[in-house]
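S.K.: sequence plus the predicted model coming up.
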Amino acid sequence: MEKICSSVKSGKGLIISHNLKSHMISHTRKKPFSCQECDKSFIHKGDLRRHIRTHTGEKPFSCQECDKSFSLMPYLKRHIKTHTGEKEKPFCCQECDKSFIQISDLKKHTRIHTGEKPFSYKFPSNV
């Protein structure tokens with residue numbers, strides 16, 4: 001049987017003592033893992049490793065059906081649905097009958113109804 005360790009501050013039960021140590025660091029707000037390329041810091045080493053991919057362009061998760069690669073596993077899983085035909089679209093527009101796989105697509109679509117134009121460009125006066 002695994003031992004449950006408890007955080008005195010929050011009372012949150014954690015199964016592994018390593019997780020308790022990591023959890024306790026979250027109370028101190030210290031971020032001991034720093035990116036050498038920019039000013040971002042992280043509580044967990046794994047978060048830093050994932051962040052570094054934004055600088056290196058590393059995409060270790062590859063689709064077996066096509067030549068696309070992704071920096072994070074959830075991105076690959078979402079992409080695989082384009083090959084399997086899995087079309088679960090849980091995000092529905094309240095204004096019309098359209099539904100979307102990703103909430104970001106619903107947010108973009110909603111602009112059609114609201115007229116919102118978040119990206120503006122001012123033409124130079126000499127054009």
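M.R.: Yes, it's here.
S.K.: where does this structure have low pLDDT?
M.R.: Counting by pLDDT under 70, the chain shows low-confidence ranges at 1-23, 25-26, 86-87, 119-127.
S.K.: okay, domains of it per the record?
M.R.: For the chain, the structural domains run 31-85, 87-116, going by automatic domain parsing.
S.K.: just the strands from the protein, written as ranges.
M.R.: In the chain, the segments counted as strands under DSSP state E are 5-6, 13-14, 33-34, 41-42, 61-62, 69-70, 91-92, 99-100.
S.K.: as JSON lines, the ones you listed with distance to Leu106 would be great.
M.R.: No exception for glycine: its C-beta is placed from N, CA and C like everyone else's. Output for these, formatted as JSON lines (distance: least, CB to CB, whole Å):
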{"stretch": "strand 5-6", "distance to Leu106": "40"}
{"stretch": "strand 13-14", "distance to Leu106": "35"}
{"stretch": "strand 33-34", "distance to Leu106": "34"}
{"stretch": "strand 41-42", "distance to Leu106": "30"}
{"stretch": "strand 61-62", "distance to Leu106": "25"}
{"stretch": "strand 69-70", "distance to Leu106": "21"}
{"stretch": "strand 91-92", "distance to Leu106": "4"}
{"stretch": "strand 99-100", "distance to Leu106": "4"}
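S.K.: next, format these as TSV and append distance to Pro118 and mean neighbour count.
M.R.: Shown next, in TSV, are the strands of the chain (distance: least, CB to CB, whole Å; neighbours: other CB atoms under 10 Å):
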stretch	distance to Pro118	mean neighbour count
strand 5-6	45	14
strand 13-14	41	14
strand 33-34	32	14
strand 41-42	29	15
strand 61-62	30	14
strand 69-70	26	16
strand 91-92	18	14
strand 99-100	18	16
